[in-house]
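Enquirer: What follows is a predicted structure for the sequence shown.
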Amino acid sequence: MTTTTGRVLVPEIALRTPQPQRPWFTIEHTITAGDTSAVGPVYYARLIDWQGQCRERCGQLGAPIFSSDISGDYAMLTQSCSCEYLGELYFGDLVAIRLTVLWARMHLMKAEFHYHKINTPGQDGGHLVARGEQMWASARRNADGHYEPCPWPRELADCAATFGADISRAQIEDTGLQHAGSQR
């Protein structure tokens, strides 16, 4: 659907997508041939992969203790993931993948992703080509090897708060990230 403003037709999606007013973590990627299908546009699944890359890089910078203990008993599990494809990306395009954390409640955390086609590295804004969400769960491996919900490590909760996340209803572990050998 489009809306007319003067003589210019503006896609309605552009009218519903204001610039982010909260902090966003951004990675940039130049589209390669390996990202595209035989007919040219980017494979849809690559957008989901970029969500994971963005999340991991954000964690490396904002929660380095958590990131350094990735093989331990604690895990930040992806409970759900979505991506709404709004426009095409092609070989050579530059895309900014932006992540913000909306909230943390109990042992769950919700993040939002925006994908903007940009013209130059570091450009603010750009043309919104996709958006997505992920729901994460804080979990710890029990003695049987299964994951159970657990409070968020303080470092991860603080990282989420830097992006404007409401953490007032989150379960937060104040002792920091426990390493694998200290949990039993």
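Expert: Right, received. Where do you want to start?

Enquirer: use CA for all of it now, contacts and neighbours both
Expert: Noted.

Enquirer: Residue 33 and residue 89 touch, don't they?
Expert: No. The pair residue 33 and residue 89 fails to qualify as a contact (CA atoms under 8 Å) at a distance of 11.5 Å.

Enquirer: Compare these two (neighbour count), which wins?
Expert: For residue 33 versus residue 89, the count of surrounding residues by other CA atoms under 10 Å is larger for residue 89: 21 against 13.

Enquirer: how about that one, what does it touch?
Expert: 31, 41-42, 117, 129 (CA atoms under 8 Å, 6 or more residues apart in numbering).

Enquirer: please redo it, this time with the cut-off set to 6 Å
Expert: By CA atoms under 6 Å, 6 or more residues apart in numbering, the residues touching residue 89 are 41-42.

Enquirer: how far away is it from residue 132?
Expert: Distance from residue 89 to residue 132, counting by CA to CA, to the nearest Å: 16 Å.

Enquirer: what stretches of the chain score poorly on pLDDT?
Expert: Along the chain, the parts satisfying pLDDT under 70 run over 1-20, 70-71, 175-184.

Enquirer: Okay, and the most centrally placed residue in it sits in which element?
Expert: Nearest to the mean C-alpha position of the chain, counting by CA atoms, centre = their mean, stands residue 99 at 4.3 Å. Assigned by DSSP states H and E, residue 99 belongs to strand 94-106.

Enquirer: packing partners for that strand?
Expert: strand 25-30, strand 108-118, strand 166-170 (3 or more CA pairs under 6 Å, 6 or more residues apart in numbering; DSSP states H and E).

Enquirer: Next, the angle from that strand to strand 25-30.
Expert: Angle, strand 94-106 to strand 25-30, by axes from the mean of the first three to the mean of the last three CA atoms, to 10 degrees: 150 degrees.

Enquirer: And the helices in this structure?
Expert: Using DSSP state H, the helices found in the chain span residues 12-16, 44-62, 64-68, 154-162.

Enquirer: which residues does the closest residue in space to residue 27 that isn't next to it in sequence contact?
Expert: Closest residue to residue 27 apart from its sequence neighbours, by CA to CA, 6 or more residues apart in numbering: residue 97 at 5.4 Å. Residue 97 is in contact with 26-27, 114-115, counting by CA under 6 Å, 6+ apart.

Enquirer: and if you look at residue 143?
Expert: Per CA under 6 Å, 6+ apart, neighbours of residue 143: none.

Enquirer: Can you list the buried residues in stretch 79-90?
Expert: 81, 83, 89-90 (16 or more other CA atoms under 10 Å).

Enquirer: same question, stretch 136-154
Expert: Result for stretch 136-154 [16+ other CA under 10 Å]: buried residues 136-141, 147, 149-154.
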